[in-house]
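A.B. asks: Fold the following.
(chains A and B)
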There are 2 protein chains.
Amino acid sequence: MNKIYNPSPENWFAILERPTKTVDDIEQTVKEIFKEVQKKGDEAISKYTSLFDGVTISNQEVTETEIKEAVAAVSDELKVAIQLAKGNIEEFHAAQKTSRVEVETIEGVNCWQEKRPIQKIGLYIPGGTAPLFSTVLMLAVPANIAGCKEIVLCSPPDKTGKINPAILYAANLCGVTKILKVGGIQAIAAMTFGTKTIPKVYKIFGPGNQFVTVAKQLATQYGVAIDMPAGPSELLVVADDSAVPAFVASDLLSQAEHGTDSQVILVSTSKTLIDAVEEEIQIQLEALPRKEIAEKAIANSKLIFVENDQIALDLINEYGPEHFIVCTSSDDFYIDGIENAGSIFIGNYTPESAGDYASGTNHTLPTNGYAKNYSGVNLDSFTKSMTFQKISEVGIQNIGKAIEVMAEAEGLQAHKNAVTLRLKAIKYGK
Amino acid sequence: MNKIYNPSPENWFAILERPTKTVDDIEQTVKEIFKEVQKKGDEAISKYTSLFDGVTISNQEVTETEIKEAVAAVSDELKVAIQLAKGNIEEFHAAQKTSRVEVETIEGVNCWQEKRPIQKIGLYIPGGTAPLFSTVLMLAVPANIAGCKEIVLCSPPDKTGKINPAILYAANLCGVTKILKVGGIQAIAAMTFGTKTIPKVYKIFGPGNQFVTVAKQLATQYGVAIDMPAGPSELLVVADDSAVPAFVASDLLSQAEHGTDSQVILVSTSKTLIDAVEEEIQIQLEALPRKEIAEKAIANSKLIFVENDQIALDLINEYGPEHFIVCTSSDDFYIDGIENAGSIFIGNYTPESAGDYASGTNHTLPTNGYAKNYSGVNLDSFTKSMTFQKISEVGIQNIGKAIEVMAEAEGLQAHKNAVTLRLKAIKYGK
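C.D. replies: The predicted structure is shown next:
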């Protein structure tokens, strides 16, 4: 762990720098697979599934029978937990619905804004050792509330050609319309172009390794939208002597176990707290099954002491953490002043893992400083805002002159003419 | 004009195809200029301003004196028009404010969502023959309502080193914090990296030629967000015998005058209307100063006859027009059923130019089919959604078990541990 006392603002940028990866060498591979999927469809999908997942799949679509088997395979305890989480996520995201915004901006000029669902969306859920069924909840639940018609889920098969039962259970529970056994670059390519089996979608959501990340970026060049750019997960905790060191240590470690490139930062106005947390981390680390991963991330972590809350806040806003835990005697100061963060966890009894699973907030959040300019996934991520206007004869007379003058000044005579014709028709009768 | 009667759905895709441009040859130029601006800052900016704009600028920042001169140079008539438009845009975008969404998802688990402003934004306003001061209103007004702290505007200087007075007047009126005489690729690069004179921003908005479009795409690879991907402007009108052919023709022409690559489509269930509009277009075209441009766009335009409203609606949703005018005896059918469109204009007295300038809706809209997955610019474009959660001792006891079970099932022991520690502390006292 790197302890840093009172860093001067000129050095913040260097201290807070995130690990950057070069993707140039991956890009070429991704482009080639995209081209092949675009050209050969399902044939290319099968080829890459054999190559990367080491299994031959005859039918990519998960069948009703497979879903039934998965439902049977998931323990009752896990089902209850998933259902509780689903309920909370549903409640919080349903509350985000906005009604139509309607304004008569001037007499006879009625404008309104409505959000309508993105019709076809794709969810990517990674496979591997940690089956992220929680991400299925985080994406499929709001998609359903938004009213998306087609919700396609792609996840790589294991060596036996199966998807983890908990993923299938959650997908089925949350109204996913089609589940496909396809992973990696080829899954993103399939949802971008569509194949006979795998539908083309308008927006792709979900996490993934660096291949998936680059594939999602490439998808945007073919007209597909994505949830947000990705990066390694990160947590910043601000804590003082009102925080329980063991709790803080456990939160930092739960971030650290994600991967060796996880970002873990503690900011504090108390050197005592920093030392206590450091000690606790060493104790708790020993008992973790993913100790090796967590240890590496912790080695790169930063424990930063600053003189006061204002300096801490400025530094945090400069960083823009994905996850931000606030556990101080001046929590309100941080809550009011935080400008850049994905999700904020307040107080001793609000671990990050609550938001990862079950509090109701979404865990798909902007990392890598993107909290400065991107929202975390929320209900609006599954809709687009459309505007409507209806202008009466009175209305066009009220704004017609302004339009004519502005169109003329911009050199757009036909724009002016569209108004002039209407004003004349009103004046002289049609 | 291409008249197409009853196209079969298999052909819709081909009929509605948009012109695609290859950008591969531009990309290299854009990348090089980005690298140079990143390395050399203002020196590179000056170089490219000389090269592309043909003028040497000693101070890129527009001074108070220049703004005063611009304000004096704009006619009173245009000022009144701009102020009326600004008032309507303000009213409509202010109405889009959403209050904090707060839910106690389960006893002791309080979650809320707040939208906070993106702190630093950049607006790009093209120069040239048509000075788009209307776009200044469309971007700076909502940025101000959202509470963005820094609103930077870049626009290329003319040969005398000036920016069009109407642009400066609008920028000053709408609270732009810094105006810079820099255009094209170098402007986007400057706002991406920051130079001594030009601030780095978090999100870039605004239209531009294909160089600017590619530059904005490249900016996203350096952590900057953009409003939306760009493409040629487009209009689709659905009209029947209740529409006035001269009005429809004037709307199609106001789209056509934007550029030779503008997309102009009329869909109708009436052959009589189609013929009447075709005739009107020829008459009105003659009087236009931008006749040559409009003529070329009109030559590529499509007048499509379909048997009934349902087929028309399906075809329109397949296309996803940026601008969509509805002028039929069954307007409600289209309003209710439209899934993919940027902005919708309803009835005989609602020309597209009303939305371009003064109705109050935003004119920065998704083209090129992006209405399927992107919103037009709206108040939320200048904010990001952040979530907060505060959990009490009771709350963590209510959801703790579910988190433990789910974290364990995902193989994330440290996530589980963060909860277990807290539950134990509550049970046994701290």
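A.B. asks: show me where chain A has strands.
C.D. replies: Secondary structure of chain A (DSSP state E): strands at A:2-5, A:101-106, A:109-117, A:120-124, A:150-155, A:178-181, A:203-205, A:225-226, A:234-239, A:263-268, A:302-305, A:323-327, A:343-346, A:383-391.
A.B. asks: will you turn the ones you listed into TSV that also has mean neighbour count?
C.D. replies: Where C-beta positions appear, they are placed from N, C-alpha and C, glycine not excepted. As requested, these are exported to TSV (neighbours: other Cβ atoms under 10 Å in any protein chain shown):
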stretch	mean neighbour count
strand A:2-5	12
strand A:101-106	19
strand A:109-117	21
strand A:120-124	26
strand A:150-155	25
strand A:178-181	23
strand A:203-205	26
strand A:225-226	22
strand A:234-239	26
strand A:263-268	26
strand A:302-305	21
strand A:323-327	27
strand A:343-346	24
strand A:383-391	24
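A.B. asks: Columns distance to chain B and mean pLDDT on top of those, output as a markdown table?
C.D. replies: Converted to a markdown table, the strands of chain A look like this (distance: least, Cβ to the nearest Cβ, whole Å; pLDDT from 0 to 100):
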| stretch | distance to chain B | mean pLDDT |
| --- | --- | --- |
| strand A:2-5 | 20 | 92 |
| strand A:101-106 | 4 | 98 |
| strand A:109-117 | 5 | 98 |
| strand A:120-124 | 8 | 98 |
| strand A:150-155 | 12 | 98 |
| strand A:178-181 | 18 | 98 |
| strand A:203-205 | 5 | 98 |
| strand A:225-226 | 4 | 97 |
| strand A:234-239 | 11 | 97 |
| strand A:263-268 | 11 | 95 |
| strand A:302-305 | 18 | 96 |
| strand A:323-327 | 9 | 98 |
| strand A:343-346 | 4 | 98 |
| strand A:383-391 | 4 | 98 |
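A.B. asks: want to throw the ones you listed into CSV with distance to B:Ser301?
C.D. replies: As requested, these are arranged in CSV below (distance: least, Cβ to Cβ, whole Å):
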stretch, distance to B:Ser301
strand A:2-5, 64
strand A:101-106, 31
strand A:109-117, 27
strand A:120-124, 28
strand A:150-155, 32
strand A:178-181, 38
strand A:203-205, 30
strand A:225-226, 28
strand A:234-239, 51
strand A:263-268, 53
strand A:302-305, 60
strand A:323-327, 52
strand A:343-346, 48
strand A:383-391, 23
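A.B. asks: how about these, which one is nearest B:Val80?
C.D. replies: Of all the strands of chain A, strand A:101-106 sits nearest to B:Val80, with 13.6 Å by Cβ to Cβ.
A.B. asks: helices or strands up against the closest one?
C.D. replies: Counting by 3 or more Cβ pairs under 8 Å, 6 or more residues apart in numbering or on different chains; DSSP states H and E, the packing neighbours recorded for strand A:101-106 are strand A:109-117, helix A:393-409, helix B:76-94.
A.B. asks: nearest to B:Trp112, of those?
C.D. replies: Closest among these, using Cβ to Cβ: strand A:109-117, at 19.8 Å.
A.B. asks: tilt between the closest one and strand A:383-391?
C.D. replies: 160 degrees (axes from the mean of the first three to the mean of the last three Cα atoms, to 10 degrees).
A.B. asks: partners of strand A:109-117 in the sheet?
C.D. replies: strand A:101-106 (antiparallel), strand A:383-391 (antiparallel) (DSSP bridges).
A.B. asks: can you put the ones you listed in TSV and add distance to B:Asn362?
C.D. replies: Output for these, formatted as TSV (distance: least, Cβ to Cβ, whole Å):
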stretch	distance to B:Asn362
strand A:101-106	12
strand A:383-391	7
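A.B. asks: Walk me through the domains of chain A.
C.D. replies: A:2-19+A:232-360, A:24-226, A:392-428 (automatic domain parsing).
A.B. asks: hang on, the earlier thing: would you format the helices and strands packed on strand A:101-106 as a markdown table with distance to B:Ile151 included?
C.D. replies: Formatted as a markdown table, those follow (distance: least, Cβ to Cβ, whole Å):
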| stretch | distance to B:Ile151 |
| --- | --- |
| strand A:109-117 | 22 |
| helix A:393-409 | 21 |
| helix B:76-94 | 14 |
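A.B. asks: Quick one: closest of these to B:Gly376.
C.D. replies: That would be strand A:109-117 among these, by Cβ to Cβ, at 9.2 Å.
A.B. asks: just how off-centre is the closest one within its chain?
C.D. replies: Strand A:109-117 sits 26 Å away from the centroid of its parent chain (Cα atoms, centre = their mean, to the nearest Å).
A.B. asks: repeat for stretch A:30-45
C.D. replies: 26 Å.
A.B. asks: Just the residues contacting it, thanks.
C.D. replies: For stretch A:30-45, the surrounding residues in contact (Cβ atoms under 8 Å, 6 or more residues apart in numbering or on different chains) are A:47-48, A:60, A:182, A:185-186, A:189-190, A:192-193, A:195-198, A:211, A:214-215, A:218, A:222.
A.B. asks: Now with 6 Å, please.
C.D. replies: For stretch A:30-45, the external contacting residues (Cβ atoms under 6 Å, 6 or more residues apart in numbering or on different chains) are A:182, A:185-186, A:189-190, A:193, A:195-197, A:214-215, A:218.
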